[in-house]
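J.: Fold the stuff below for me.
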Amino acid sequence: MDHATLSSKSVIEALLRSNRPPTDQERALIQESMAPTNAKLKIVQTQISDTVAHIQALKLQVEQAEIRLQRLREEEAGIWETSEDPRRVLSVLRTLPEDVVREIFIACVEDDMPTLSYDETPMPYVLTQISSGMRHIALTTPAIWASMNVEIRSLQFDSVELYEQAYSDLAQRASEWFERAGGLALTVFIQDADSSNARPEGSESDPSDILFDTLLSYSNRWKEVHFDSFGSEVVSPHMLRIAALTAVDIPLLQSVSLHLDCITPNPVLHNSVLLTIPTLQKVKLIADTLRLFTVNWPVLTSITLRRHSYDYYHSMSEIARILQQIKCLVFCDIAVGPTHSEEHYAGKIDLPFLKNLCVSEQKPPSGAPSILDLITAPTLEIFHVELMFLDLSLSNFLKRSPRIWKLCLQYFDADKSLMDTMGFLRHCPSLTVLCLWSFGGMDAVDANRFLRAFVEKSDASIICPRLQYFNVMGRIDFSVQTLRLFLESKQGNIATLNLLPWKRVAVDIRDIRNKDTEACQQILDLVSQKKAEGLDVDAFLEDEGFHKDRHIFF
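T.: Numbers count the residues shown, from 1 in each chain. Next up, the predicted model:
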């Protein structure tokens with residue numbers, strides 16, 4: 001038989017019927033016939049191997065998800081434990097000493113000034129409704145009744161009679177409110193909307209005068225008065241009545257805040273002695289023109305000078321002339337624009353007692369000085385900078401103010417890796433609190449080197465070794481490895497490199513989320529782990545970070 005012509009099947013059948021070994025030709029024929037099957041087998045083996053690897057990866061993801069789920073369940077259990085029975089909270093409150101409860105009540109009111117309202121219950125009255133014991137404490141704590149926010153023209157009714165009745169009710173409540181403050185000095189915030197339609201149809205007078213008359217009757221106890229007529233094109237009659245007050249009428253007044261949109265000069269307002277009384281210490285003017293106001297600048301310790309729109313600023317020469325008159329200034333908040341071409345900027349401004357400075361400045365013309373070039377504030381502690389474009393002016397100012405411990409700073413497109421910001425911070429050896437935010441609409445910046453500069457010693461020394469509160473908002477990018485180093489190098493009791501430990505860290509990861517969801521999740525897992533270890537840290541995906549930490553950084 002010719003083996004060359006045998007099929008693989010016949011060869012196998014022949015071999016199975018005999019005991020002889022296959023010849024080389026038969027072996028080759030059999031192997032050749034098995035090649036397609038072997039190829040298919042190899043494909044199947046590869047698929048099985050890939051499937052096994054995928055299953056292992058899924059198991060790992062499941063384990064990680066189970067860990068995250070367990071953490072969430074623990075957090076949920078903690079939340080349920082604290083909120084399961086509100087009476088438990090109240091029972092704890094009842095066991096506290098009376099003076100502690102009073103302080104809690106005062107903190108509730110100080111956090112948000114209570115508003116006199118026609119259809120809602122203000123906070124001091126809420127505190128009287130908790131229980132009979134709490135009511136007694138609230139009614140015998142004058143401090144919670146010593147401040148009031150009043151919206152003069154917030155009511156809408158169909159008849160004059162209803163207006164008059166509503167304002168009479170509010171006036172009665174305002175009187176009751178202030179009487180409960182005992183003899184304490186009062187803080188009054190009056191919001192007076194557009195007065196052009198003050199009188200309801202059919203009325204010969206403004207019904208809101210009923211309420212305002214009551215407020216004005218307590219002017220001899222005003223310590224702080226804030227008047228806001230935002231949106232009104234004319235000076236409010238109520239504002240004119242306040243402007244007519246003298247030092248005899250307001251013997252306790254220390255602080256005046258005016259927010260006026262009207263641009264028409266008014267002799268009663270601008271010639272008022274309100275801003276010249278000897279007890280006055282603080283003045284806040286949100287107005288388009290400062291020169292029209294008569295102010296006793298030298299006696300002030302606190303000023304805020306801005307215009308009603310954030311797009312407009314007072315000229316630097318005007319602000320400089322005012323600052324040069326104030327020798328004991330402690331707090332200063334100013335919005336400064338370029339000096340007009342016909343004016344000349346003033347000389348140096350020495351503010352030896354200034355502790356808190358907030359500056360918004362438009363970029364001056366080329367070669368013109370910044371307001372920071374003029375100011376010397378050697379004892380400055382808190383510095384808030386908005387819309388600054390002058391790197392050299394800011395750097396030199398920081399060198400002259402070595403005691404700054406809180407800094408709020410904006411960074412810009414040109415500062416791609418925050419190198420300029422790092423340079424500024426090297427002039428702040430005492431810095432404890434830092435808040436950074438980006439100029440609107442700018443591209444993302446690589447913050448890896450920047451974050452490492454706070455904890456990792458390289459060619460230059462570590463920046464801001466005393467830093468303990470850190471908040472950065474805006475489009476920033478960094479790795480989870482960098483964040484881990486940033487957190488762990490100053491976590492707990494740290495002696496390494498003489499660094500003070502973190503007390504609060506907040507970072508914005510919105511841009512990371514948009515580009516790499518896996519990296520974002522890794523950062524969130526790291527933050528969750530550090531929270532469980534007791535570190536106060538957050539990674540924010542929305543603007544809530546800015547609002548949550550506002551009490552710390554602003």
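J.: Could you give the separation of stretch 503-515 from the chain centroid?
T.: Chain-centre distance of stretch 503-515: 14 Å, with CA atoms, centre = their mean, to the nearest Å.
J.: Show me where the stretch 151-300 of the chain has its helices.
T.: 160-179, 209-216, 237-243, 267-270 (DSSP state H, counting those that start in this stretch).
J.: in this structure, which helix or strand is least confident?
T.: helix 544-548 (a mean of 60; mean pLDDT, DSSP states H and E).
J.: wait, which of the helices of the stretch 151-300 of the chain is closest to A368?
T.: The closest of those to A368 is helix 267-270. By CB to CB, the value is 29.7 Å. In this view, the C-beta of every residue, glycine as well, is placed from N, C-alpha and C.
J.: name the helices or strands packed onto that closest one?
T.: helix 237-243 (3 or more CB pairs under 8 Å, 6 or more residues apart in numbering; DSSP states H and E).
J.: Enumerate the positions of the helix it packs on that are buried.
T.: Neighbour counts over helix 237-243 (16 or more other CB atoms under 10 Å) mark H238, M239, I242, A243 as buried.
J.: Am I right that the last one is in contact with P267?
T.: No: counting by CB atoms under 8 Å, P267 is not a contact partner of A243; they are 9.9 Å apart.
J.: Identify the residues contacting L409.
T.: V385, T421, F424, L434, C435, L436 (CB atoms under 8 Å, 6 or more residues apart in numbering).
J.: Do you know the pLDDT at the first one?
T.: Confidence at V385, expressed as pLDDT, is 89.
J.: Near it, how many residues? Count them for me, please.
T.: 19 (other CB atoms under 10 Å).
J.: Run the chain-centre distance for whatever helix or strand it lives in.
T.: Assigned by DSSP states H and E, V385 belongs to strand 382-386. Distance of strand 382-386 from the chain centroid (CA atoms, centre = their mean) equals 14 Å.
J.: That one: which residues count as buried?
T.: Buried residues in strand 382-386, counting neighbours by 16+ other CB under 10 Å, are found at I382, F383, H384, V385.
J.: Please apply the same query to stretch 296-305.
T.: Buried-residue list, stretch 296-305, by 16+ other CB under 10 Å: W297, V299, L300, T301, S302, I303, T304, L305.
J.: CSV please, covering those residues and showing distance to A77 and pLDDT.
T.: Shown next, in CSV, are the buried residues of stretch 296-305 (distance: CB to CB, whole Å; pLDDT from 0 to 100):
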residue, distance to A77, pLDDT
W297, 59, 96
V299, 58, 95
L300, 54, 98
T301, 51, 98
S302, 48, 98
I303, 51, 98
T304, 47, 97
L305, 52, 96
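J.: quick check, nearest of the residues you listed to K40?
T.: T304 (82.0 Å).
J.: and the closest one, which of the three is it?
T.: Following DSSP: H, G, I helix; E, B strand; the rest coil, the label given to T304 is strand.
J.: That one pairs with what?
T.: K284, D333 (DSSP bridges).
J.: Looking at the helices of the stretch 151-300 of the chain, spot the one closest to D511.
T.: helix 237-243 (45.7 Å).
J.: Just list what that closest one packs against, helices and strands only.
T.: For helix 237-243, the packing partners by 3+ CB pairs under 8 Å, 6+ apart come out as helix 209-216, strand 222-228, helix 267-270.
J.: Nearest to L280, out of those?
T.: Of all those, strand 222-228 sits nearest to L280, with 10.6 Å by CB to CB.
J.: I'd say G337 and S317 touch.
T.: No: using CB under 8 Å, G337 is not in contact with S317, being 10.2 Å away.
J.: Compare these two (neighbour count), which wins?
T.: Neighbour count, other CB under 10 Å: between G337 and S317, G337 has more, with 20 against 17.
J.: Show the pLDDT at the more buried one.
T.: 84.
J.: Tell me which residues touch it, please.
T.: G337 is in contact with Y312, Y313, H314, S315, M316, E361, Q362, counting by CB under 8 Å, 6+ apart.
J.: So which residues of the stretch 451-554 of the chain form helices?
T.: Under DSSP H, counting those that start in this stretch, the stretch 451-554 of the chain gives helices at 480-488, 510-515, 517-532, 544-548, 550-553.
J.: Buried deepest among those, which one?
T.: helix 480-488 (a mean of 19; mean count of other CB atoms under 10 Å).
J.: Could you name the helices and strands sitting against it?
T.: helix 448-452, strand 504-508, helix 517-532.
J.: if we go to 10 Å?
T.: Counting contacts by 3 or more CB pairs under 10 Å, 6 or more residues apart in numbering; DSSP states H and E, helix 480-488 packs against helix 448-452, strand 504-508, helix 517-532, strand 537-540.
J.: mind checking the longest helix of the chain?
T.: Identified as the longest helix of the chain according to DSSP state H is helix 24-83.
J.: Now do that one and helix 517-532, the angle between them.
T.: Using axes from the mean of the first three to the mean of the last three CA atoms, to 10 degrees, the direction of helix 24-83 lies 40 degrees away from that of helix 517-532.
J.: and helix 24-83, how far out from the chain's middle?
T.: With CA atoms, centre = their mean, you get 47 Å for helix 24-83.
J.: what is the rounded mean pLDDT of it?
T.: 84.
J.: now for it, which elements pack on it?
T.: Contacts defined by 3+ CB pairs under 10 Å, 6+ apart place helix 24-83 against helix 8-16, helix 86-95, helix 517-532.
J.: Next, format those as CSV and append distance to E224 and mean pLDDT.
T.: Below are these laid out as CSV (distance: least, CB to CB, whole Å; pLDDT from 0 to 100):
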stretch, distance to E224, mean pLDDT
helix 8-16, 104, 73
helix 86-95, 30, 64
helix 517-532, 39, 93
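J.: could those helices be laid out in CSV, adding distance to K59?
T.: Output for the helices and strands packed on helix 24-83, formatted as CSV (distance: least, CB to CB, whole Å):
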stretch, distance to K59
helix 8-16, 44
helix 86-95, 42
helix 517-532, 18
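J.: Out of the ones you listed, which gets nearest to F105?
T.: That would be helix 86-95 among the helices and strands packed on helix 24-83, by CB to CB, at 10.4 Å.
J.: and V225, what does it touch?
T.: 186-190, 215, 219, 242, 245, 250, 253-258, 274 (CB atoms under 10 Å, 6 or more residues apart in numbering).
J.: do that again at 7 Å, thanks
T.: V188, I242, L253, V256 (CB atoms under 7 Å, 6 or more residues apart in numbering).
J.: Just the closest of the residues you listed to Q45, please.
T.: Closest to Q45, out of all of the contacts of V225 and judged by CB to CB, is V188, at 84.1 Å.
J.: can I assume that closest one is in contact with L216?
T.: No: using CB atoms under 7 Å, V188 makes no contact with L216, being 9.7 Å away.
J.: okay, those two: which has more neighbours?
T.: Between V188 and L216, counted using other CB under 10 Å, the more crowded position is V188 (25 against 18).
J.: So what's the gap between stretch 127-136 and the chain middle?
T.: The answer for stretch 127-136 is 33 Å, by CA atoms, centre = their mean.
J.: which element follows the strand or helix carrying L434 toward the C-terminus?
T.: Using DSSP H and E, L434 sits within strand 433-438. Per DSSP H and E, the first helix or strand lying C-terminal to strand 433-438 is strand 445-446.
J.: could you say what helices and strands that following strand packs with?
T.: strand 476-477 (3 or more CB pairs under 7 Å, 6 or more residues apart in numbering; DSSP states H and E).
J.: So what are the sheet partners of the strand it packs on and their directions?
T.: According to DSSP bridges, strand 476-477 forms sheet pairs with strand 445-446 (parallel).
J.: What's the end-to-end length of stretch 103-121?
T.: Taking CA to CA, to the nearest Å, stretch 103-121 runs 21 Å from one end to the other.
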